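In: any chance you could fold what I've pasted below:
(one chain, ligands or ions: 1)
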Amino acid sequence: MACYRSSSLSFFIVALLTVLISPAISAGDSSYINPPVNVGSRSSIASYCESWRLAVETNNAGTWNVTPSKCVSSINTYYIGGQFDSDYNLVARYALAFAGKVKNRLDGKDAWVFDIDETLLSNSEYYNKAHGSATYVSKKVQAQAFDASLKLYKGLKTLNFTIILLTGRNESRRSTTEKNLWDVGYSGWEHLLMRSPEDKGKTATQYKSEQRSKMVKKGYKLHGNTGDQWSDLLGFAVATRSFKVPNPLYYIA
Ligand SMILES: [Mg+2]
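Out: Numbering: from 1, shown residues only. Okay, the predicted model is just below:
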């Protein structure tokens, strides 16, 4: 995936910062189950990190903060070594296979929901995960698309799905968000739902569930939902099928 390969230097810098910062955070943090003390080999650590990543993706890890410092290297390899691309591509293939079986799709009410950050757009270049929250070091530089998300998005458009974008970004970022999406190849969405002042303080799950519910009341059938966080997918007014995109970088409740 071009965007990750080109940003590998930036990613290494972020990873290095995490290595420096995370021990201070994780030392007293109960978010992680540490590996047994008698497994110190590189292969054992690598095995633990693979297990940790699986636990994150399946939501067995629950709330977590930063990537464990011992796993920063393997997570970096995961991102730039091709496995992330493979994982996301398979998600897209399953999603499109499901979408192709949805009947009708002629009245404009058959909808698919997308999250934006780390689902349609990659912010890995700008992300500072020191505190495990979505803190961007820059909001001025354009985020890149994922190859797999572009393929999925365009495939769903071809299948006549109505696209609903549902993001935790604030309304004040509407114009820059739209421009970024257009610039990297996304177009033709029906709704771009963003946090308004009245959504301040709501959890992501609550806010996104409420927005999906509004869409259902407008008559949309939410067949699919794609997001990188469980809070994009859970709650109420959930889609018929949810497709979780990998993200071992950060967690949003
Ligand atoms: Mg996201």
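
In: helices along the stretch 101-250 of the chain, start to end?
Out: 147-158, 174-183, 204-217, 230-233 (DSSP state H, counting those that start in this stretch).

In: among these, which is the most enclosed?
Out: Across the helices of the stretch 101-250 of the chain, averaging neighbours per residue (mean count of other Cβ atoms under 10 Å) puts helix 230-233 on top, at a mean of 24. From N, CA and C alone the C-beta is placed, and that goes for glycine too.

In: quick one, what contacts the residue of the stretch 151-253 of the chain found nearest the ion?
Out: Evaluated by Cβ to the ion, the stretch 151-253 of the chain has Asp228 as its residue closest to the ion, separated by 4.3 Å. Neighbour list for Asp228: 115, 117-119, 244-247 [criterion: Cβ atoms under 8 Å, 6 or more residues apart in numbering].

In: in terms of secondary structure, what does the longest strand belonging to the chain contact?
Out: Counting residues, the longest strand found in the chain (DSSP state E) is strand 162-170. The contact analysis (3 or more Cβ pairs under 8 Å, 6 or more residues apart in numbering; DSSP states H and E) places strand 162-170 against strand 110-114, helix 147-158, helix 174-183, strand 191-195, helix 204-217.

In: compare these and give me the one nearest Ala95.
Out: helix 147-158 (5.7 Å; Cβ to Cβ).

In: from the contact counts, what lies against the closest one?
Out: Short answer (3+ Cβ pairs under 8 Å, 6+ apart): helix 147-158 packs on helix 83-100, strand 110-114, strand 162-170, strand 221-227.

In: out of these, deepest packed?
Out: strand 110-114 (a mean of 26).

In: if we can go back for a sec, close to the ion, is the longest strand of the chain?
Out: No - Strand 162-170 lies out of reach of the ion by Cβ under 5 Å from the ion, never closer than 7.2 Å.

In: who touches that strand?
Out: 108-117, 120, 134, 153, 156-157, 177, 181, 188-195, 204, 207-208, 211-212, 215, 220, 222, 232, 252.

In: of the residues you listed, which ones also sit close to the ion?
Out: Checking these against the ion (Cβ under 5 Å from the ion), the matches are 115, 117.

In: find the nearest non-adjacent residue to Thr77, please.
Out: The shortest distance from Thr77 to any non-neighbouring residue, by Cβ to Cβ, 6 or more residues apart in numbering, is to Gln83 (7.9 Å).

In: pull up the residues of this protein that are close to the ion.
Out: 115, 117-118, 228.
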